[in-house]
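Enquirer: sharing a sequence plus its predicted fold:
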Amino acid sequence: MNYEIIGISVLWLFLYGYLIVASVDFGAGFYAYYAKVTKKDHIMNQLISRYLSPVWEVTNVFFVFFFVGIVGFFPDSAYYYGTALLVPGSIAIILLAIRGSFYAFENYGSKQSNLYMFLYGATGLLIPASLSVALTLSEGGFITEENGKVALDYFALFTSPYSWSVVFLAIVSVLFISAAFLTFYAARANDVAALKLVRKYALFWATPTIIAALTTFIALGQHNERHYQNMFDYWWMFGLSVGFFMIAMWLIYEGKRYGLAFISVMLQFFFAFFGYGVSHLPYILDPYITVYENATHESTGIALIIVFIAGLFLLIPSLILLMRLFLFDADYVKGKK
Amino acid sequence: MMDLDPVLMSRLLTTITLVFHIIFATLGVGVPLMISIAEFIGIKKKDPHYTMLARRWARGFVIPVAIGVVTGTAIGLQLSLLWPEFMQVGGNVIALPLFMEVFAFFFEAIFLGIYMYTWDRFKKPMTHWWLSLPIVIGGAMSAFFITTVNAFMNTPEGFEIGGDGFAAINPLEAMFNPATPTKVFHVLASAYLTVAAILAAIAAFGLLRKKTKEYHKKALKLTVTLTFIFAIFTAIAGDVSAKFLAEYQPEKLAAGEWHFETEGNADLILFGWLNEENEPEGVIRLPGLLSFLAYSDFNAEVTGLEEFPEAERPPLWIHYMFDLMVTIGVFLLGISFLYLLLSKLKRWNENNKFMLWMLVLSGPLAMLAIEFGWIYAEEGRQPWILRGYMTVEEAATTSPYVGWMFVLFLLLYIALGVIGAVVLRKVFKNNPVEDELEKKYPTIEKGDK
């Protein structure tokens, strides 16, 4: 296996990590706000606060890691995506800034501010929508290069059925993943009232999620025939994804093994995400950037891989410690510590 | 707005992001060290005042961290959004420290979360203190890696240009380029100095308001001592930097010192202003001192600005930035030394009103010096983004929408700054230290607050 494939695999793994961690974070924030406006915050917010408080600064790092890595392994990405994404990328940054700051403001400064909670909750849905634009662009048809100038075709982007189906999928996925996690967390906390509520959300958002996935799949067929055909070569990955989805739904519906249910949801998205990614190869940006022709210099690529491996030895124990202290310490989850 | 030059707007947007982010990046590097020191002293001396200091500094640290994280993410993305050609080129060479910086910050963020939520959770207080060390180390390493990137922009090394691009790349050479040692030393020393001065300012203000005297006196003694120590380190770093500039970036030194002709026994020019002919007036001239500063030899020949093509000279106004930075640095060294001196002399009260007000001023001045220093560093590299290889103009985005993004981000930073300050004040106003001391450590003598 060459360093180009290792590089893109590493990055995709971190993007997947961001997908899961951020979905829990974004969805939890939205549910916290929704609970407030529906007068159910007494049920929800204690639960959500205890999860979010120790981990909120960690979420962003997965994202930063991905875009620093994509430029490091594939420097031409900076040129094409950098120029094209100035406006949508800037909007995403602003939303991330609002979310990251107002979580701290709301949690530490003002216990009763509806405005801060609204900003925190609303950005939880707007951020995945704006970030998903980058994945849409990667399918081609939206970025043009004329006279050495890169430009984004906004009209094509806003009128593309595929583009909107990706946005829809991003939003409902966030809500589903988050609800599935919170169901597990509430069960662990023995918080019966919260459990009933978030379990209902998980069951509710499951259907839109699978519909959105199917819709996006069909829309991709109309937008990028090559990628669409490649996906059939990996049908087994999408089959596994649906299989794990069904396991998760059955467990949540039956009201048992919520931890296993959440793991099934994670595996559902793992196989779908990697199936989508591997069938996208060799393109990072159709038709301008491939993993082979546009990879960084070999010495840099190898250095990055070495650092990645070394970094994991540092990160994995740290993350395990974090999870043991806050996620799997039953007394903490229940609010006794 | 949309008709404005994308290069100019890209520079302005990067400037406001950096100016805003640097406040929080500096706090992010420095505050954990102060917290760790205070907690350690509190445990070793069994003095709850120091432990309370650590707790309250940690609580106050959360808001700046939040803003620092989001603005750091912004600058990280803006490197590609605003300077796509630079990142296309630089990404091949300098990706390594950017990558490592993310790991360092990841490490720091994880342990910050752990540290913040495990007060009183362990049987041994030292266990909690140990958890502060990864935050200190992570913060310093984060600063180290990102500073090597900035250093690379000043002295690009570790690559060779072939017929169709990069012929050979050595990532470690790029990272450990000639500018790295002096820059890292200067960044770390000045960050710790600034944070010590800010925390001293807060303690001095507390004493001026005649609150919890014993607590604030201990805080002040600790932070002024640290201010003095790090002021010395920063002065040394500044001296080392001057020698580096003389050898590797003489045009930056020449522009900053208004040194136009190559000559030996060169004078150091302080203050002054430029007249209509762009000639210095009203300056204080220190004979031969520039030569000594640059080469440790009063007679050494210092390269003048005239040696460089006009198109490759930094703007002359960076002289003001340099003077402001150095003046503040000297003030911080002097005022902290004076305080410590007075505290040794029995017949003087080191906590007199004059000293306290000087120390209150020290905090904001220290942060201003950091900003002046970075403006000096960045403008002094102009017109290059990669010295000798790529100009700022060549690197900038061609997107016509930069101006609108500038307005959006300016509004964002104003909002975050104002609301952050309001929230931070509320955090402490609603929980005065005397109440917290009484609640957490009831054994403290009532009169000893």
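Expert: That came in fine, so what should we check first?

Enquirer: for A:Asn230, which non-adjacent residue is closest in space?
Expert: Nearest-residue entry for A:Asn230: A:Ser279, 3.8 Å, with adjacent residues in sequence omitted and distances by C-beta to C-beta, 6 or more residues apart in numbering or on different chains. For every residue, glycine as well, the C-beta is placed using N, CA and C.

Enquirer: please, which helix or strand holds the one you found?
Expert: helix A:258-280 (DSSP states H and E).

Enquirer: buried residues of that helix, list them for me.
Expert: A:258, A:261-280 (16 or more other C-beta atoms under 10 Å in any protein chain shown).

Enquirer: contacts for the helix or strand just after that helix, please.
Expert: Sequence-wise, the next helix or strand downstream of helix A:258-280 (DSSP H and E) is strand A:283-285. Residues from elsewhere that reach strand A:283-285 (C-beta atoms under 8 Å, 6 or more residues apart in numbering or on different chains): A:8, A:70, A:74, A:77, A:80-81, A:137-138, A:140, A:143, A:227, A:289-291, A:294.

Enquirer: return the subset of those residues lying in strands.
Expert: Counted as lying in strands by DSSP state E, out of the contacts of strand A:283-285, are A:Ile143, A:Ile289, A:Thr290.

Enquirer: which one among those gets closest to chain B?
Expert: A:Ile289 (10.9 Å; C-beta to the nearest C-beta).

Enquirer: for A:Ala202, see how far away B:Met355 is.
Expert: Counting by C-beta to C-beta, to the nearest Å, the separation of B:Met355 from A:Ala202 is 62 Å.

Enquirer: with A:Val167 instead?
Expert: The gap separating A:Val167 from A:Ala202 is 21 Å, by C-beta to C-beta.

Enquirer: I'd like to know how many residues surround residue 195.
Expert: Just going to use chain A. 22 (other C-beta atoms under 10 Å in any protein chain shown).

Enquirer: ah, I was thinking of chain B
Expert: With neighbours defined by other C-beta under 10 Å, the count for B:Val195 comes to 27.

Enquirer: next secondary structure element downstream of the host helix or strand of it?
Expert: Assigned by DSSP H and E, B:Val195 falls within helix B:180-208. Later in the chain than helix B:180-208, the nearest helix or strand by DSSP H and E is helix B:213-248.

Enquirer: average pLDDT across the next helix or strand after that next one?
Expert: Downstream of helix B:213-248, the first helix or strand assigned by DSSP H and E is helix B:250-256. Mean pLDDT, computed over helix B:250-256, is 89.

Enquirer: returning to what we had before: ok, B:Met355 and A:Ala202, which is more surrounded?
Expert: A:Ala202 (28 against 21).

Enquirer: what pLDDT does the more buried one get?
Expert: 94.

Enquirer: would you mind listing what in the stretch 101-250 of chain A touches chain B?
Expert: Neighbours of chain B within the stretch 101-250 of chain A, by C-beta under 8 Å from any C-beta of the partner chain: A:Ser101, A:Tyr103, A:Ala104, A:Phe105, A:Tyr108, A:Gly109, A:Ser110, A:Lys149, A:Val150, A:Ala151.

Enquirer: I'd say the first one and B:Gly420 touch.
Expert: I take that to be A:Ser101. Yes. Assessed by C-beta atoms under 8 Å, A:Ser101 is found in contact with B:Gly420 at 6.9 Å.

Enquirer: shared neighbours of the two, which are they?
Expert: B:Ala66, B:Ile67.

Enquirer: residue 162: neighbour count?
Expert: You didn't pick a chain, so chain A it is. By other C-beta under 10 Å, the residues close to A:Tyr162 number 21.

Enquirer: sorry, should have said chain B
Expert: 9.

Enquirer: cool, the one 3 residues further on as well?
Expert: When neighbours are defined as other C-beta under 10 Å, B:Gly165 has 10 of them.

Enquirer: from the chain's centroid, how far away is the helix or strand containing A:Ile98?
Expert: Secondary structure assignment for A:Ile98, by DSSP H and E: helix A:86-108. Here helix A:86-108 shows a centroid-to-chain-centroid distance of 16 Å under the convention C-alpha atoms, centre = their mean, to the nearest Å.

Enquirer: touching, B:Phe122 and B:His128? I think so.
Expert: Yes. With contact defined as C-beta under 8 Å, B:Phe122 counts as touching B:His128 (5.5 Å).

Enquirer: who has more neighbours, the two?
Expert: B:His128 (19 against 13).

Enquirer: B:Leu4 falls within a helix, correct?
Expert: No. Under DSSP: H, G, I helix; E, B strand; the rest coil, B:Leu4 falls outside any helix and is assigned coil.

Enquirer: residue contacts, it?
Expert: Per C-beta under 8 Å, 6+ apart, neighbours of B:Leu4: B:Val402, B:Gly403.

Enquirer: picking up where we left off before, by neighbour count, which of the residues of the stretch 101-250 of chain A next to chain B wins?
Expert: A:Phe105 (28 neighbours).

Enquirer: strands of the chain, start to end?
Expert: Assuming you mean chain A. Ranges of strands in chain A, per DSSP E, are A:143-146, A:149-152, A:283-285, A:289-290.

Enquirer: chain B was what I was after
Expert: Under DSSP E, chain B gives strands at B:159-162, B:165-169, B:263-264, B:268-270, B:273-274, B:280-281, B:284-286, B:301-302, B:384-386, B:390-391.

Enquirer: paired strands for the first one, with orientation please.
Expert: Think strand B:159-162. Paired neighbours of strand B:159-162 in the sheet (DSSP bridges): strand B:165-169 (antiparallel).

Enquirer: buried sites along the strand it pairs with?
Expert: Going by 16+ other C-beta under 10 Å, strand B:165-169 has these buried residues: B:Phe166, B:Ile169.

Enquirer: what sits up against that strand?
Expert: By C-beta under 8 Å, 6+ apart, strand B:165-169 touches A:His297, A:Ser299, A:Thr300, B:Asn92, B:Val93, B:Gly158, B:Phe159, B:Glu160, B:Ile161, B:Gly162.

Enquirer: start and end of stretch B:249-268, how far apart?
Expert: Stretch B:249-268 stretches 17 Å from its first residue to its last (C-alpha to C-alpha, to the nearest Å).

Enquirer: if any of the contacts of strand B:165-169 are buried, put those into a PyMOL selection.
Expert: To isolate the buried ones among those in PyMOL, judged by 16+ other C-beta under 10 Å, type:
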select buried, (chain A and resi 297+299+300) or (chain B and resi 92+93+158+159)
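
Enquirer: hmm, back to that, quick one: the strands of chain B as JSON lines, columns for mean pLDDT too.
Expert: Listed next are the strands of chain B as JSON lines, based on pLDDT from 0 to 100:
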{"stretch": "strand B:159-162", "mean pLDDT": "83"}
{"stretch": "strand B:165-169", "mean pLDDT": "78"}
{"stretch": "strand B:263-264", "mean pLDDT": "85"}
{"stretch": "strand B:268-270", "mean pLDDT": "84"}
{"stretch": "strand B:273-274", "mean pLDDT": "86"}
{"stretch": "strand B:280-281", "mean pLDDT": "84"}
{"stretch": "strand B:284-286", "mean pLDDT": "85"}
{"stretch": "strand B:301-302", "mean pLDDT": "84"}
{"stretch": "strand B:384-386", "mean pLDDT": "88"}
{"stretch": "strand B:390-391", "mean pLDDT": "88"}
